[in-house]
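Peer 1: 3D model of this:
(2 chains)
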Amino acid sequence: DPKIIQKPKYLVAVTGSEKILICEQYLGHNAMYWYRQSAKKPLEFMFSYSYQKLMDNQTASSRFQPQSSKKNHLDLQITALKPDDSATYFCASSQDREYEQYFGPGTRLTVL
Amino acid sequence: AQSVTQPDARVTVSEGASLQLRCKYSYSATPYLFWYVQYPRQGLQLLLKYYSGDPVVQGVNGFEAEFSKSNSSFHLRKASVHWSDSAVYFCAVSIGAGGADRLTFGKGTQLIIQP
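Peer 2: Predicted coordinates:
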């Protein structure tokens, strides 16, 4: 059974719209993350949460807003979508004081 | 800020041959080091990690990596590759701040296995 679920697997959006990417982890981890992988840039860190609190934010744009409704959930809301937002977005999680992160299968977002 | 360099964008190896994928990091202290593998259209899977101690660490599927403090490197090796090893390999570092510490990735090395 998959331990980190990301929904949807594929997503197509129009410029200017808003989408929410879903992430749920069933590893019992307390830290969760979002990363982005695009053709133009390598894997880059976006956000980290620990016990549902924002720990680190490397995303310059406020259009990207993480949302943690439950301890094992970290969704990503993206508003005013642009074609440059097209990428695969990976959710990851880790245990408190350990450092290896486990990744979900990703959501591939295409903005037209 | 820390950075990770994987100098080889693509490496081609014959099946059964040995492999080395290179990784160098830039950070004032010794970071925590990782290798991940990404198969086509999948997420990243952790191959191995280095925190401290023995500089040679063993991972899954016969992979190992060697940490060198003097060279700021963490190269990945495998004695005999299999066609199923074809994938993209990422080296990553964490500064070990604890808790939800970010990973910084290299650009990845695509490994191609020739029959």
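Peer 1: Enumerate the residues of chain B near chain A.
Peer 2: When proximity is defined as Cβ under 8 Å from any Cβ of the partner chain, chain B approaches chain A at B:32, B:34, B:36, B:42-46, B:49, B:51, B:90, B:92, B:94, B:96, B:98-108. Where C-beta positions appear, they are placed from N, C-alpha and C, glycine not excepted.
Peer 1: neighbouring strands for the worst-scoring helix or strand of chain A on mean pLDDT, and are they parallel or not?
Peer 2: Across the helices and strands of chain A, the lowest-confidence element by mean pLDDT, DSSP states H and E is strand A:53-57, at a mean of 89. Sheet pairing of strand A:53-57 (DSSP bridges) gives strand A:44-50 (antiparallel).
Peer 1: Among the residues of chain B next to chain A, which lie within strands?
Peer 2: Judged by DSSP state E, the subset of the residues of chain B next to chain A located in strands is B:32, B:34, B:36, B:44-46, B:49, B:90, B:92, B:94, B:104-105.
Peer 1: related to what we said a few turns ago, which of the residues of chain B next to chain A count as buried?
Peer 2: Burial by neighbour count, judged by 16 or more other Cβ atoms under 10 Å in any protein chain shown, picks out B:32, B:34, B:36, B:43-44, B:46, B:49, B:51, B:90, B:92, B:94, B:99-108 from the residues of chain B next to chain A.
Peer 1: Briefly note if the helix or strand that the least confident helix or strand of chain A is followed by comes near chain B.
Peer 2: Using DSSP states H and E, the helix or strand that follows strand A:53-57 in sequence is strand A:64-67. No - counting by Cβ under 8 Å from any Cβ, chain B is not contacted by strand A:64-67; separation bottoms out at 11.6 Å.
Peer 1: If you count contacts, what does strand A:64-67 end up packed against?
Peer 2: For strand A:64-67, the elements it packs on are strand A:44-50, strand A:75-78, judged by 3 or more Cβ pairs under 8 Å, 6 or more residues apart in numbering or on different chains; DSSP states H and E.
Peer 1: Give me whichever of the ones you listed is most buried.
Peer 2: strand A:44-50 (a mean of 21; mean count of other Cβ atoms under 10 Å in any protein chain shown).
Peer 1: which residues are in contact with that one?
Peer 2: A:30-37, A:54-59, A:64, A:66, A:68, A:74, A:76, A:89, A:96, B:99-105 (Cβ atoms under 8 Å, 6 or more residues apart in numbering or on different chains).
Peer 1: send the alpha carbons of it over as PDB?
Peer 2: Provided in PDB are the C-alpha atoms of strand A:44-50 (Å, rounded to 0.1, in the frame of the first residue of the first chain):
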ATOM      1  CA  GLU A  44      13.800  22.500  -5.400                       C
ATOM      2  CA  PHE A  45      12.500  22.800  -1.900                       C
ATOM      3  CA  MET A  46       9.400  24.800  -1.400                       C
ATOM      4  CA  PHE A  47       8.000  24.400   2.200                       C
ATOM      5  CA  SER A  48       8.500  22.400   5.300                       C
ATOM      6  CA  TYR A  49       6.100  21.800   8.200                       C
ATOM      7  CA  SER A  50       6.600  20.200  11.500                       C
END
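Peer 1: on that earlier part again, with mean pLDDT added, can I get the helices and strands packed on strand A:64-67 in TSV?
Peer 2: Listed next are the helices and strands packed on strand A:64-67 as TSV, based on pLDDT from 0 to 100:
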stretch	mean pLDDT
strand A:44-50	92
strand A:75-78	97
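Peer 1: Now the residue nearest the centre of chain A: closest residue in space, sequence neighbours ignored.
Peer 2: Central residue of chain A (Cα atoms, centre = their mean): A:W34, 3.5 Å from the mean position. Of all residues not flanking A:W34 in the chain, A:M46 sits nearest, at 4.2 Å (Cβ to Cβ, 6 or more residues apart in numbering or on different chains).
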